[in-house]
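Participant: sequence-free structure coming up:
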């Protein structure tokens, strides 16, 4: 192994050890995540500047640091399906009223779609306010390569209809869906777990002798899975450190400067939607600052991993233990929020692109155009379920529906990762907002003792 590479890795492991010493001092998870974020960013920045002319060395270093970052993400993905299945099954079995599950689902999805509609409006306003246009975008080799791949994806997307999407949610083979084989596997598993839970409830009502063992089984298996979640959550600061190292070390300064206007506009729109989330929770008597403080570790992981699905375990755990949301609502909002009504990927992004492209096609941005765009963005957010590159997929649905070309999607590929980090964090914030609002509206706020919260902190 090259000596310079060994020095890089030694520094990386030293940073991990610093994080470990802070964890041993029982620091709160939010502070540990912040430490990991800062150390990872500084190390990634150092790699980029010190080895500016040695890209291969940076890549080789990241291959080793990615063992920690990608390994952590893999562990989170490992527990997604078990967590969703077990938590939803247990929640349904222990629901006080079987009819409340339908209310929770409808209300959660309605809030997600409502916030996505607002996100579309925000995207339109910001794009107009910044005077963004598709004219003059740089078309480099990466953009050309992306453009060549778009027709195939567009053909796949155009073949999808809303009935097809809804039909794909129904679990045909739950064991296959447990492997995440399909893009809609997560929703399919939710439906399967709910049906199995309803079946278990009916058996309990029909045979009282089985009611106790069924609830005991649900409690036991849920406790085991949640213990596994807490074990993996303890690795969050190290995963954040490694993930941010890669993000910062591989950022392309030239691409960022060339498209700086779009980046700034995107972050302004995303920030405004965070403000909207804060206003929504404040309407229901929740302190916005405390809300964002509680969900900060979840948003940080979403930002660095760029995966709403991988964030589900952290999302659920935080809603239950920090926000006092019931398990049923927490699991539904986290799951639906990762697959339906994504504020960042399905709301802001396609709306901004449509406004940028329309004038180039001679289409006026009038009232009819805006209303049509908001409606299409909201409806199309159902089609983003569980698919990697959700923002691109959303754009490929919205732009052709508005009679607009999709080439701009390829022209923005250079800065896609940079913006996608904030979009993913916004998606997760939207899911958690939907969860706590559903909790307040249905009047099902659970009492979470301070002792229980402290126990969770100690375990983490």
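Facilitator: Received it, and whenever you're ready, just let me know what you need. Given the structure is predicted, the values throughout are model-derived calculations rather than measurements.

Participant: can you pull the contacts of the most centrally placed residue in the chain?
Facilitator: Using C-alpha atoms, centre = their mean, the residue of the chain that lies closest to the mean C-alpha position is residue 308, 2.0 Å off. Shown in contact with residue 308 (C-beta atoms under 8 Å, 6 or more residues apart in numbering): 302, 337-339, 342, 390, 424, 427-428, 431. All C-beta atoms are positioned from the backbone trio N, CA, C, and that covers glycine.

Participant: distance of it from residue 76?
Facilitator: As for residue 308, its distance to residue 76 is 12 Å (criterion: C-beta to C-beta, to the nearest Å).

Participant: Could you do residue 52 as well?
Facilitator: Where residue 76 is concerned, residue 52 sits at a distance of 33 Å (C-beta to C-beta).

Participant: Looking at those two now, which is surrounded by more residues?
Facilitator: residue 76 (25 against 10; other C-beta atoms under 10 Å).

Participant: next helix or strand past the helix or strand harbouring that one?
Facilitator: Applying DSSP states H and E as the criterion places residue 76 in helix 55-93. Counting by DSSP H and E, the element after helix 55-93 in chain order, helix or strand, is helix 100-129.

Participant: Please state the offset of that next one from the chain centre?
Facilitator: 15 Å (C-alpha atoms, centre = their mean, to the nearest Å).

Participant: the inter-axis angle of it versus helix 55-93?
Facilitator: 140 degrees (axes from the mean of the first three to the mean of the last three C-alpha atoms, to 10 degrees).

Participant: buried residues in helix 100-129?
Facilitator: Within helix 100-129, the residues that qualify as buried are 100-101, 104-105, 107-109, 111-113, 115-127, counting by 16 or more other C-beta atoms under 10 Å.

Participant: Which strands and helices lie in contact with that helix?
Facilitator: On a contact count with 3 or more C-beta pairs under 8 Å, 6 or more residues apart in numbering; DSSP states H and E, helix 100-129 meets helix 260-283, helix 327-337, helix 349-357, helix 367-380, helix 416-442.

Participant: run the last query once more with 10 Å
Facilitator: Here helix 100-129 touches helix 55-93, helix 185-206, helix 260-283, helix 327-337, helix 349-357, helix 367-380, helix 416-442, going by 3 or more C-beta pairs under 10 Å, 6 or more residues apart in numbering; DSSP states H and E.

Participant: closest to residue 296 out of these?
Facilitator: Proximity to residue 296 (C-beta to C-beta) singles out helix 416-442 among the helices and strands packed on helix 100-129, at 10.1 Å.

Participant: Which positions within that closest one qualify as buried?
Facilitator: 416, 418-440.

Participant: Kindly report the same for stretch 239-246.
Facilitator: 239-246.

Participant: Secondary structure element holding the residue of the chain positioned farthest from its centre?
Facilitator: Centroid-distance maximum for the chain: residue 209 at 41.9 Å, with C-alpha atoms, centre = their mean. Using DSSP H and E, residue 209 sits within helix 208-233.

Participant: State the next helix or strand along the chain beyond that helix.
Facilitator: Downstream of helix 208-233 (by DSSP H and E), the next one is helix 236-249.

Participant: three-state assignment of residue 340?
Facilitator: Judged by DSSP: H, G, I helix; E, B strand; the rest coil, the three-state class of residue 340 is coil.
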